[in-house]
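Chemist: I'd like to go over a predicted model; first the sequence, then the structure.
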Amino acid sequence: MMNTILIWILIPALLSLALALLQRFTKLSIAVTLLGSGFLLLLAFLMPEDLIIRLGSRQFVFADSYEVFGRLISITKANLNLVGGLYLCVFIWNLFARSLKTSQWFNALSLLIAALWTIALAVQPFLYATVIILLIAVVSIPLLSPRGSKAGPGVLRYITLQAIAMPLVLLSAWMLSGIETAPSASTLIMRAAALVLSGFAIWLALFPVHTWVPMVAQESHPWTVSFLLVLMQSSLTIFFIYFLEEYAWLRNLPRMWEVLRWAGIITIFISSLLISFQNKLRRILAYFYLWEMGYALLAIGLAQEGGLNYLQLIFMPRILGYAGLSFSIAKLEQLEPDFDGKFNALPGFFHRYPVISLVLVTSLLSLAGLPMLASFPAKRYLINLLPWSGYGMETWLSLGFGGVLIVIFRIIYQLVSPSKKEIAIIKAVSISEDAIIIAFSTILILLFFIGGFFPTMYSEMFKGILAPFEKILLIN
Amino acid sequence: MSEIIVFIATMIGLLAGLLNLMRRKWLINVFGLAIQYLCIFIVFPKAEGISPALIKIIVGLMSTLIIYLTILSSGAIRRDPFSLKFTAGELFRGLSGAFLIFLVFLVAPWLSREVFPQSSSSSLTLGLGLILLGLLQLGAKTEPLYIIIGLLTFLSGFELLYGSLEFSTMLEALFAIVNLLIAIAGAYFITKDLEPEKL
Amino acid sequence: MAFFIVLGLLILPAFIIVIIQSTKSRVGAAWIVALVASCLAWLVLFLLRLFLPLSLELLNWQPAELFNGTIALRLDYFTWPFAIAVLTLCVASIFTETTVASKEDSSPKWVASLTLTALTLVSLASANPLTLAITWSLIDIAELFYRLRSANPNHSQGSLMRNFAIRLLSTFALIFATAIAWAIQPNFDLNQIPSTAGIFFLLAAGLRLGVLPVHLPFTKADGEEAPITYLLQLAPVASALTLIAQLPSDFLTLNRTLFVLIQVLSAIAMLYASMMWVSRKTEAEARPYWIIALSAFALQCALNGEPGSSRVWGLVLLLSGGLLFAFNPPIRRIRFIPALGLVGLLGLPFTLLASGWQGVLGQSFSVVSVVVLISHSLLVIGYLRYVVEATGAVTGLEKHARITYPLGLIVIFQTIVLLGLIAWPGVLSLGIWWASLVSMAITTAAIYLSRLLGIKDLHEDLPAKIPFYRIASPIIRAIRGFFSLQWFYSAVSWLYQQTLRLETFGSELIEGDGGLLWSLVLLLIIMLIFASQAGLG
């Protein structure tokens, strides 16, 4: 009998090991990664509810758990949607990883990281995932800080903060085991809540422990950063919901949901404020991550009003947004070796690289939630879920759009501005955008529009994610 | 008798942590890290047998060895002459660390009574002390090697504290992997930083 | 379904023209295709007047419990007149383009006109805020890329971006207005906007029109060689005008402070834009002020609780304005044709604008009513001035253009007359007859006074002829500066710069050495605040 653990954890881990040895054979390495991740994502999305695949008269029954060191690792059909999403990211990002000159370890490590996130989401009790999250951070080092470049402070801060978050959550778990027997449960709850929320604040990179995100984005390859961030964001938000689902004491804390909503709104506002002052493209990616994190938190905070539906709906638009944004930044950096990533170096790019510029602008507008683009449906309905009566939360949320729009206008303005005379002369014969860039960009832009006009398509992809969270959903 | 040894190990462990925080001499730091792990082995609770403590020291010493060998092979150690003089920064970090240790001694009885009744006072003191010293090291330095040493210190302190609360084979295994990988990451950073930057 | 025919008649020819031009340049054939198709569309749309209201569901987002939203269109007495007006401008622009198309290939402009008109028709027929938000974005993006394509890459695109930014802001304002209304009534149509949210929809429309707060809509891209077609200037504002027309009539009783603020801002915009309209050097320069001024009139109707009346002001903006702006190149011999646009603008009884006076003056006569009358007469003076001053190098037209050019202008005038009769039941009315008389009296007095002072060219002669102009000039400048709200934008810019400095300092602090400890300390403080707020402690 086959096992889901074997398929989605062991096979990619072994593949990763093999790829580590094959890394010098670029084409083979890419082919193996694409085939492997493609197979895993298709199987994850196509797997029937009963985990039995029928091919003619033959049946392939998949077990959904496996025991390691006396602990259970389990991947059910409900988990498979997210797992499929993770491997979808591996597939998309590996398409261009090598051509965009990321680390030579990218093929191998991307598979390993996806497998590790899968373990983190599958291990029981799920608190052990805390150590795996730290493990993922350490494994990411060669990707974030490849050989030939100096180790920046961002990567180190990333590892450090992940290491600090882990004990906070683990200690809270230990404290929880005493809740039933403790004479003064409220004190214990308070301590555990403070620890677990602090741990999550660090993991989710909420203000003021967000600094590693812009720092890493600034010093590492945008394609790599976006890959790690998209996996992290998708998995961590679901992981946080696991906590709320499993721990009644946490979700029943007085005003807990309101606190989460406020945390989301404040994150949206602060990231929007900070993004409006940025002048480097790479950092924009980081602040959009934080902005999206705010929305994820807001969706979780609005769980009682049905917000979680929009959390799963935004997964695909976010993947597309990050892919488009980081692809265009990486490609511009590649095509223009002198480009330092600053906004004031952008003038003339719209005319020199119209397709890449278009992808950049569309990705930014989609992430911002412009109507007709992919993120709009989810963001719109999430905004509509707010009570809109006291003008407290709502005002901050509205302001939270301002900064993002300001930076988008600034970028577009720079893109369409004429290039400086001396540069214009040098760049008279510029490197043109090849067919692959045009094809990928066209597909990406089409997908943005499909998401904007037919949101049902993306909501169907990840709808199973919410199935395990009956307790939270029952609150409705 | 064993209590005295444990107490001495606690003190030495804290002093090793303090030394690592203060000085920026690679050889001293590596030596301090090894001493730290040795002290953790002595202090680590033996309720589940000696094997958990053994795992800690083996993993710890291996991590130290990885860093040491990398420094040795890279030749960086020769460029780092030994001196007994303290710089202003070293003094500041030393004083801050000493203050933290003092603070740990001050709050440890309360914590032992209120939050961690299962932990022995030595595990709690050394664990908490290393956590705080590690944290200060992480906050006060930016060079990769010291950050890695800070991380190892911080994690070793937490592992000691957590080991005194509950035991899980899987968690121990994961901790071991994390420690080794962090050490390897440290080695990677040291090697990488000595390479010429690609233009 | 018939509405689809109209859209098809606009979009298909656009494709056909692109195909025709891509193989071999046949400007004549392309022009015929554009003209025939747009005229047919115009006729079909006129016929649809007999079948109003018409509803059409384009897309229903499923599952309903998740999305609760449809993309739908509706043609009724609020949207149909605007649709006709926009289509008329499209037809007229294709007719009149022939005079200026002789030197270069104008087919891209016709394609743009047809496509933009189709998009605008969809936008102003939006049945609900979701559709409206999507179509606004679609138009803005399409317009941005069209203008960028035709702009000179060696010139800065500051004004283009400013315009795009404001448009986009208005779209987001619409999204937020929808959210406010959603809390009261989910999934509503534009003709069911809840009263409490009405003001926010008004703000969104005002922002898009350049009225709230007053700012200049786009004139032409910096460095753009050819003047922008008037259709491209006027069409995008139409959907905002339909939104105003559909606002609830009782929404302003709910928030008095906001009401007064908006009314004052709107009156400022109205007066300022009218003054600027009359005093600009050329008509092209004055165009944006025409849009602002008449939009402010439309807004005023909504503020007075008569949003339905705003329709006529919107139609005057599009049609009378269109007639004047389409008069390019200006030819002295036929300048009586644009002068016919005054039929729409003067507001005489039983003309199109007659039914609009009630809405703009409100129930009781107030200071705002005086501002309205003065602004109206300023608009009339300006209109007259630009007709009278219309002179150009072109003295004659090519053979075909001698027919098509005036025909294009007459189509607009004819639509003004027709809409005055059949736009919606009750459009033909006496209106407040004295308002138009007062406005005309002010206009006549002003013209008489200028003649008395010997002012022939308003722009050139005015400074020299006005007594004590040197003393008055700084005061006028100050008033103009105040009304243009430049001081407000400067203040916002200053605030932004100060916050930027603060942000730079903060970032350096928490991203630099020791930043980790700062972050952790701040997290601790925030956790304490949250704990106390959440009742955890």
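Modeler: Cool, got the structure.
Chemist: CA only for contacts and neighbour counts going forward, please
Modeler: Will do.
Chemist: quick one, what contacts B:Ala187?
Modeler: B:Ile66, B:Ile67, B:Thr70, B:Ile71 (CA atoms under 8 Å, 6 or more residues apart in numbering or on different chains).
Chemist: And A:Leu51, by the same measure?
Modeler: By CA under 8 Å, 6+ apart, the contact list for A:Leu51 reads A:Val61, A:Phe62, A:Ala63, A:Asp64, A:Lys77.
Chemist: Just the buried ones out of those, please.
Modeler: Buried residues within these, defined by neighbour count using 16 or more other CA atoms under 10 Å in any protein chain shown: A:Phe62, A:Ala63, A:Asp64, A:Lys77.
Chemist: so how far is A:Ile5 from the third one?
Modeler: By that I understand A:Asp64. 7 Å (CA to CA, to the nearest Å).
Chemist: Please, which helix or strand holds the most centrally placed residue in chain B?
Modeler: In chain B, the centroid-proximal residue (CA atoms, centre = their mean) is B:Thr153; its distance is 2.5 Å. B:Thr153 is part of helix B:144-163, with elements assigned from DSSP states H and E.
Chemist: ok now do the spatially most central residue of chain C, which residues does it touch?
Modeler: The structure's chain C has its C-alpha centroid closest to C:Val237; by CA atoms, centre = their mean the separation is 2.8 Å. If a contact means CA under 8 Å, 6+ apart, then C:Val237 has C:Arg208, C:Leu209 as its contacts.
Chemist: One more pass at 10 Å, please.
Modeler: With contact taken as CA atoms under 10 Å, 6 or more residues apart in numbering or on different chains, C:Val237 is in contact with C:120, C:124, C:136, C:167, C:205, C:208-210, C:217, C:291-292, C:295, C:314, C:317-318.
Chemist: what do you get for A:Gly70?
Modeler: For A:Gly70, the contact set (CA under 10 Å, 6+ apart) comprises A:Gln124, B:Ser168, B:Thr169, B:Met170.
Chemist: do A:Tyr128 as well
Modeler: Counting by CA under 10 Å, 6+ apart, the residues that A:Tyr128 touches are A:71, A:119-122, A:166, A:169-170, A:173, B:168, B:170-171, B:174.
Chemist: And the closest residue to A:Thr76 other than its chain neighbours, how far from A:Leu311?
Modeler: When the adjacent residues along the chain are set aside, A:Thr76 lies closest to A:Asp64, with 5.4 Å between them (CA to CA, 6 or more residues apart in numbering or on different chains). Between A:Asp64 and A:Leu311 the distance is 25 Å, computed by CA to CA.
Chemist: Which positions in the helix or strand containing A:Gln233 come out as buried?
Modeler: Counting by DSSP H and E, the secondary-structure element that holds A:Gln233 is helix A:222-246. Buried residues in helix A:222-246, counted by 16+ other CA under 10 Å: A:222-242, A:244-245.
Chemist: Domain ranges for chain A, per the record?
Modeler: Listed domain ranges for chain A are A:1-124, A:217-476 (source: automatic domain parsing).
Chemist: which among the contacts of A:Leu51 gets closest to chain C?
Modeler: When the contacts of A:Leu51 are compared for distance to chain C (CA to the nearest CA), A:Lys77 wins out at 21.4 Å.
Chemist: Run through the residues that contact that closest one.
Modeler: With CA under 10 Å, 6+ apart as the criterion, the residues that contact A:Lys77 are A:4, A:44-51, A:64, A:83, A:464-465, A:467-468.
Chemist: ok now do the residue lying closest to A:Lys342 once chain neighbours are set aside, which residues does it touch?
Modeler: The shortest distance from A:Lys342 to any residue that is not its chain neighbour, by CA to CA, 6+ apart, is 4.3 Å, and that residue is A:Lys280. Each residue near A:Lys280 by CA under 10 Å, 6+ apart is listed here: A:Gln218, A:Asp340, A:Gly341, A:Lys342, A:Phe343, A:Asn344, A:Ala345, A:Ile411.
Chemist: What about those, which one has the most neighbours?
Modeler: Taking other CA atoms under 10 Å in any protein chain shown as the neighbour criterion, A:Ile411 ranks highest of the contacts of A:Lys280 with 24 neighbours.
Chemist: can you list the contacts of A:Lys280 in TSV and add pLDDT, secondary structure and distance to A:Leu320?
Modeler: Formatted as TSV, the entries for these read as follows, by pLDDT from 0 to 100; DSSP: H, G, I helix; E, B strand; the rest coil; distance: CA to CA, whole Å:
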residue	pLDDT	secondary structure	distance to A:Leu320
A:Gln218	92	helix	21
A:Asp340	86	coil	24
A:Gly341	87	coil	21
A:Lys342	90	strand	23
A:Phe343	89	helix	23
A:Asn344	88	helix	26
A:Ala345	89	helix	25
A:Ile411	93	helix	19
